[in-house]
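K.L.:
Predicted coordinates and the sequence they were generated for:
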Amino acid sequence: MGWILLGIVVVLVFWVVSLYNKLVGARNGYKNAFAQIDVQLTRRYDLIPNLVETAKGYMKHERESLEAVIKARNQAVTAQKGAAANPGDAAAMTALSGAEGALGATLGRLFALAEAYPDLKANQNMMQLSEELTSTENKVAFARQAYNDAVMSYNNQREMFPGSLIAGMFNFVAAQLLEISKPEAREAPKVSFT
């Protein structure tokens, strides 16, 4: 009788450890997926000052628009750092989503204004930066999808029985998806200068 009880306890301990390890693996998975977003957002944020500097030479009368892009970029960088410190945190993801939406909107306005400057549209540096930004926007979208998939998997494991028992015991909190807050910002800014 004692051996049977000991066997049940050992099986139960292994079961709890197994569920705990799956939750840890899923949590690490979404954190790694956010790290991929972080890399692409950093690249995007690094391209924007070069883009603004290039545009500055041609758009002397559009100083307010150029400053709005830099301000939105700086707010997005701050939000990115907050999200990177705690991927999955609802407040951090909401702040990043909002900052990204605002940055996308200001970039869209910048590119719309740039259409009125044929010399700027023809500038080789501007065309290259635009191409890199478009490529980076696509990579951000793919990385965001991978992150959201990882968060969904983690949240499913955390909320489904019997994982919910272990998640509650060991304080595994829900992770937040990264969604674009404005419908018009769901598309990458159009940056074609052809």
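P.N.:
Done, it's in.

K.L.:
Tell me where the model's unsure across this structure.
P.N.:
Across the chain, the ranges flagged by pLDDT under 70 are 181-194.

K.L.:
Pick out the residue nearest the middle of it.
P.N.:
For the chain, the residue sitting closest to the mean C-alpha position, by C-alpha atoms, centre = their mean, is Ile37 at 4.7 Å.

K.L.:
roughly how far apart are that one and Asn50?
P.N.:
Ile37 sits at a distance of 21 Å from Asn50 (criterion: C-beta to C-beta, to the nearest Å). All C-beta spots, glycine's among them, are computed from the backbone N, C-alpha and C.

K.L.:
didn't the residue nearest to the centre of the chain look like it was pressed against Ala143?
P.N.:
Yes: because the distance of 4.4 Å satisfies C-beta atoms under 8 Å, Ile37 is recorded as touching Ala143.

K.L.:
Let's verify the residue nearest to the centre of the chain: helix, strand, or coil?
P.N.:
helix (DSSP: H, G, I helix; E, B strand; the rest coil).

K.L.:
which ones are touching it?
P.N.:
Under the criterion of C-beta atoms under 8 Å, 6 or more residues apart in numbering, the neighbours of Ile37 are Val140, Ala143, Arg144, Tyr147, Leu178.
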